[in-house]
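Enquirer: Fold the following for me, if possible:
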Amino acid sequence: MIGQTVSHYRVLEKVGGGGMGVVYKAEDTRLGRMVALKFLPEELATDRQALERFQREARAASALNHPNICTIYDVDDSDGRPFIAMELLEGQTLKHRIAGRPMSLDLTVQVGLQIADALEAAHARGIIHRDIKPANVFLTERGQAKLLDFGLAKSLRPAGAETAAESLTQVGATPGTLPYMAPEQVRGEKVDARADLYALGTVLYEMATGQRPFREELATRLADEILHLPPTPPRRLNPEIPERLEAAILKCLEKDPASRFQSARALMADLRLLAGPGVASAGPRPAARRWWAPAVAGALLVAVATVATVLWKRGSPEPAQTGVAAKPSVAVLPFQNMSADPQNEYFSDGMTEEIISKLSRIQSLQVASRTSVMRYKGTQKDIKEIGQELAVRYVLEGSVRKAESRVRVTAQLIDSQTGFHVWADDFDREIKDVFAVQEETAMRIAEALNLRLSPQEQQAVRRRYTENLEAYDAFLRGRAVFGFSDEPKRLEAARKHFQRALKSDPEYAPALAGLAQVEALYYRNLDPTPARQQRAEEFARQALARDPQLADAHMAMGFVHAVRYDYVHAEDEFRQATALEPDNALAWSRLSWALGYQQPPKAKEAEAAAREAIRLQSSFPIAYYYLGRALLLQQRYEEAAGAFQQALELEPNYSVPHLGLAHVRLAQGNYLQARKELQLSGSGAPIILVVSSSIYAAQGDRENALAELEKALAGGYRDFAALDANPHLAPLRPDPRFQQLMRKYRK
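Expert: The predicted structure follows:
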């Protein structure tokens, strides 16, 4: 085919090939760029299964837009031979980069993070790769990892949702590459995203040690090792591997999927703790060897995997079903304020949050999020009932008595199933020792539950954001009064407390993050001056500079982006926050906000993020609001209305769900009811004025529609992407007054 023109691609040279594709370097004559063309081999072009797999690769990969996934440009057909036009890469595959030798720690972690990030994006779209291996990871000459070959990719659909023709898991065939298959994949069972994490664990193992965890050459013996033998601890092969990296790798390689990382973002959170200054850069460049196109999945290895599975099933007994104990789980109930001064409530709440934060740093412990436990503040519910509602085995309850220079903390850990006390203690210390009390409480709980903490986990539990008690006290007061309210009095009080905290400790990252969000709320709802926005961004940047691993700092930066309607960059920051704190319901709800409000919106991803927030905290009104927004975008109007109603049932004084209901009724053409809901949502805020303008425009009242829109723009509304996409404003667009408004404010 060299020299031929296929569609609008001029074929220049053959650069690679395998059992499922032949790859050529070509020139896109329309856009003047070099691409890689992957053709299905002629002998397979009439093979229905091969053709389906080829098309599945194109569909799966083209649905993904991620810097660590090879980009698909086009899918076409030339004289009956289907082909894919894809990104042309220069560098080498990870397989050739490893070449039997350990890679440097920083490059191992960097590549691991990039692959995990790519998988997180794929899994969020319901796609599992099922063939993660070094040959399917490409390292560009700039050190960027690119995930290749979605030829085995499969959608994560509900059971029974796919037809027999769609299923790749057929009798006698197990897709994948045997040395990197998860045990459930070797057995031919249905797999989910955790199989990809197992495979990534084998890749991390190979990068860190230069060897695969299981190295038998005979397929049947290799399958048996994967199913029954533990891998050799990586540090025995390479003592320079940090214990945390070894622990992360071995967690990926657990036989039972329930014992692995449950999401790519959770693995990313662990790897980020290992990322030093060198990892933030591009890392060492791979050797200057050119591989002009993506590696292709080898048919031979797939065949070996198939034969191995068949032989194993015929000749080996079913493995014993060994039960793997689930993580112990705990909920820290809000500590009671036993001080004489009721205003010391902020201090007891701070104690609750700090203990939750420290316990969350223990990998082998599942901890209920702060937002899920705060609804039990002052509750008289039985411990057993609370344990059932939060799905936790253990409940920690306690009290705090703060008086002058001393603090007394009482804590007791209770088994919610039996009601028996597992551990209890009193701490009567000087108030300057409050940080030590928090750390000791977390360590005692771990000890009571027989948890062995790694040195890194012990260090994480003892980590302090400040040693300054005055800064800590001021921060707690600011956080207590803030509550993400846009009431001017509360915002101003929170701002003063956070500023006082920073005066005592200018390096206090959580206080900087808090101040960033206060300024951002001022800018969005009260004072849309550039100075507010600039201050918010500066505080967020300072927080990130002081601690890039602080989820609140990423939340703050995401909030700064979102309040100026830059939802794409907001999404990036909120994703970082969910990776660092996978159990943070607020982070997931904000991610849903960013996904649902960007243009074009990512409605299904927004729905998934909102549902994750609700899973983490079932009584979270704002999460139900964002769920309603995501359903509205999918035109599932009554489901959306139900989500907004649920938010109102949880918080009757919460006016925002009425705004969502106004959107629903407007979309349904029920303008009278839309207006009623809008009146219940408040008045004067720019977004409310925009919805009011939309209702007037839909009714044909151009004058009032333009008047409301002008007030919204004068009040600081600047989401022009949303205005451009708003179908209800279509009657206004030809009007010169509308065009003049857009020119005036779109500066």
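
Enquirer: immediately after the helix-or-strand element of the chain with minimal mean pLDDT, which helix or strand?
Expert: The weakest-scoring helix or strand in the chain, judged by mean pLDDT, DSSP states H and E, is helix 299-315 (a mean of 31). Downstream of helix 299-315, the first helix or strand assigned by DSSP states H and E is strand 329-332.

Enquirer: hmm, who's touching that following strand?
Expert: With CB atoms under 8 Å, 6 or more residues apart in numbering as the test, strand 329-332 has contacts from 352, 355-356, 359, 365-368, 372-373, 386-387, 390-396, 413, 445, 449. Yep, even glycine has a C-beta here, placed from its N, CA and C like the rest.

Enquirer: Can you report how many residues neighbour Asp74?
Expert: Other residues near Asp74 number 16, with proximity taken as other CB atoms under 10 Å.

Enquirer: tell me the phi and psi of it?
Expert: Main-chain torsions, Asp74, degrees, to the nearest 10: phi -160, psi 150.

Enquirer: how close does it get to Asn726?
Expert: Using CB to CB, to the nearest Å, we find Asp74 at a distance of 32 Å from Asn726.

Enquirer: Measure how far stretch 724-739 is from the centre of its chain, please.
Expert: For stretch 724-739, the gap between its own C-alpha mean and the chain's C-alpha mean amounts to 36 Å (CA atoms, centre = their mean, to the nearest Å).

Enquirer: tally of neighbours for Arg408?
Expert: Residue neighbour count, defined by other CB under 10 Å, stands at 16 for Arg408.

Enquirer: pLDDT at it, what is it?
Expert: For Arg408, the model assigns a pLDDT of 89.

Enquirer: Sticking with it, tell me its helix or strand.
Expert: With the criterion set as DSSP H and E, the secondary-structure element containing Arg408 is strand 406-415.

Enquirer: That strand pairs with which strands, parallel or anti?
Expert: Looking at strand 406-415 with DSSP bridges, its paired strands and their directions are strand 394-403 (antiparallel), strand 421-430 (antiparallel).

Enquirer: Buried ones in the first one, by neighbour count?
Expert: Translated: strand 394-403. Neighbour counts over strand 394-403 (16 or more other CB atoms under 10 Å) mark 394-402 as buried.

Enquirer: And stretch 436-448, by the same measure?
Expert: In stretch 436-448, counting by 16+ other CB under 10 Å, buried: 437-446, 448.

Enquirer: export that stretch as PDB, just CAs?
Expert: Output of stretch 436-448 as PDB, limited to C-alpha atoms (Å, rounded to 0.1, in the frame of the first residue of the first chain):
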ATOM      1  CA  ALA A 436      -1.100  14.700  70.200                       C
ATOM      2  CA  VAL A 437      -4.500  13.600  71.600                       C
ATOM      3  CA  GLN A 438      -5.900  13.400  68.100                       C
ATOM      4  CA  GLU A 439      -3.000  11.400  66.900                       C
ATOM      5  CA  GLU A 440      -3.100   9.100  69.900                       C
ATOM      6  CA  THR A 441      -6.800   8.500  69.500                       C
ATOM      7  CA  ALA A 442      -6.300   7.400  65.900                       C
ATOM      8  CA  MET A 443      -3.400   5.100  66.800                       C
ATOM      9  CA  ARG A 444      -5.300   3.500  69.700                       C
ATOM     10  CA  ILE A 445      -8.200   2.700  67.400                       C
ATOM     11  CA  ALA A 446      -5.900   1.100  64.900                       C
ATOM     12  CA  GLU A 447      -4.300  -0.900  67.700                       C
ATOM     13  CA  ALA A 448      -7.700  -2.000  69.100                       C
END
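
Enquirer: Can you name the residues in contact with it?
Expert: Applying CB under 8 Å, 6+ apart, the set of residues contacting stretch 436-448 from outside is 330, 351, 354-355, 358-359, 362, 365, 396, 407, 409, 411, 413, 422-423, 425, 427, 429, 453, 458, 461-462.

Enquirer: Can you name every helix or strand that the helix or strand harbouring Pro82 contacts?
Expert: With the criterion set as DSSP H and E, the secondary-structure element containing Pro82 is strand 81-87. With contacts defined as 3 or more CB pairs under 8 Å, 6 or more residues apart in numbering; DSSP states H and E, the secondary structure elements packing on strand 81-87 are strand 33-39, helix 48-62, strand 72-78.

Enquirer: next SSE after that strand?
Expert: Following strand 81-87 in sequence order, the next helix or strand is strand 91-93 (DSSP H and E).

Enquirer: all strands of the stretch 101-250 of the chain, in order?
Expert: Chain-ordered strands for the stretch 101-250 of the chain, with DSSP state E, counting those that start in this stretch as the definition, fall at 127-128, 137-140, 145-147, 154-155.

Enquirer: Give me the neighbour count for Leu245.
Expert: The local packing count at Leu245 equals 25, with neighbours defined by other CB under 10 Å.

Enquirer: In contact with the residue lying closest to it once chain neighbours are set aside, which residues?
Expert: Ranked by CB to CB, 6 or more residues apart in numbering and with sequence neighbours excluded, the top spatial neighbour of Leu245 is Leu274, at 5.6 Å. Neighbouring residues of Leu274 by CB under 8 Å, 6+ apart: 105, 109, 242, 244-245, 248.

Enquirer: give me that answer again for 10 Å
Expert: With contact set as CB atoms under 10 Å, 6 or more residues apart in numbering, Leu274 has these partners: 105-106, 108-110, 112-113, 242, 244-245, 248, 456.

Enquirer: Also Asp572?
Expert: Going by CB under 10 Å, 6+ apart, Asp572 touches 554, 557-558, 561, 591, 594.

Enquirer: Reformat those residues as a markdown table; add pLDDT, secondary structure and neighbour count.
Expert: Formatted as a markdown table, the contacts of Asp572 follow (pLDDT from 0 to 100; DSSP: H, G, I helix; E, B strand; the rest coil; neighbours: other CB atoms under 10 Å):
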| residue | pLDDT | secondary structure | neighbour count |
| --- | --- | --- | --- |
| His554 | 94 | helix | 27 |
| Met557 | 95 | helix | 28 |
| Gly558 | 95 | helix | 29 |
| His561 | 94 | helix | 23 |
| Leu591 | 95 | helix | 31 |
| Ala594 | 95 | helix | 28 |
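
Enquirer: Save these as CSV, and put in distance to Asp527 too.
Expert: As requested, these are arranged in CSV below (distance: CB to CB, whole Å):
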residue, distance to Asp527
His554, 24
Met557, 20
Gly558, 20
His561, 18
Leu591, 27
Ala594, 23
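
Enquirer: Kindly indicate which of the residues you listed lies nearest Ile614.
Expert: Leu591 (12.9 Å; CB to CB).

Enquirer: right, and that closest one touches Glu571 too?
Expert: Yes: applying CB atoms under 10 Å, one finds Leu591 in contact with Glu571, separated by 6.7 Å.

Enquirer: What sits closest to Tyr567 if chain neighbours are left out?
Expert: Going by CB to CB, 6+ apart, Tyr567 has Gln598 as its nearest residue, at 3.6 Å.

Enquirer: Give me the neighbour count for the one you found.
Expert: Gln598 has 20 neighbours, counted by other CB under 10 Å.

Enquirer: Please apply the same query to Leu713.
Expert: 21.

Enquirer: Compute the distance between it and Cys70, please.
Expert: 42 Å.

Enquirer: what's the answer for Arg33, then?
Expert: For Arg33, the distance to Cys70 equals 15 Å [CB to CB].

Enquirer: More neighbours: these two, which one.
Expert: Using other CB under 10 Å as the criterion, Arg33 and Cys70 rank with Cys70 on top: 23 against 12.

Enquirer: Which pLDDT value belongs to that one?
Expert: The model's pLDDT for Cys70 equals 85.

Enquirer: can I assume it is in contact with Leu89?
Expert: Yes: contact status for Cys70 versus Leu89: in contact at 6.9 Å, counting by CB under 10 Å.

Enquirer: Among the buried residues of stretch 436-448, find me the one that's closest to Arg575.
Expert: Of the buried residues of stretch 436-448, the one sitting nearest to Arg575 (CB to CB) turns out to be Ala442, at 27.4 Å.

Enquirer: Name the nearest residue to the closest one, ignoring sequence neighbours.
Expert: Of all residues not flanking Ala442 in the chain, Lys358 sits nearest, at 4.0 Å (CB to CB, 6+ apart).
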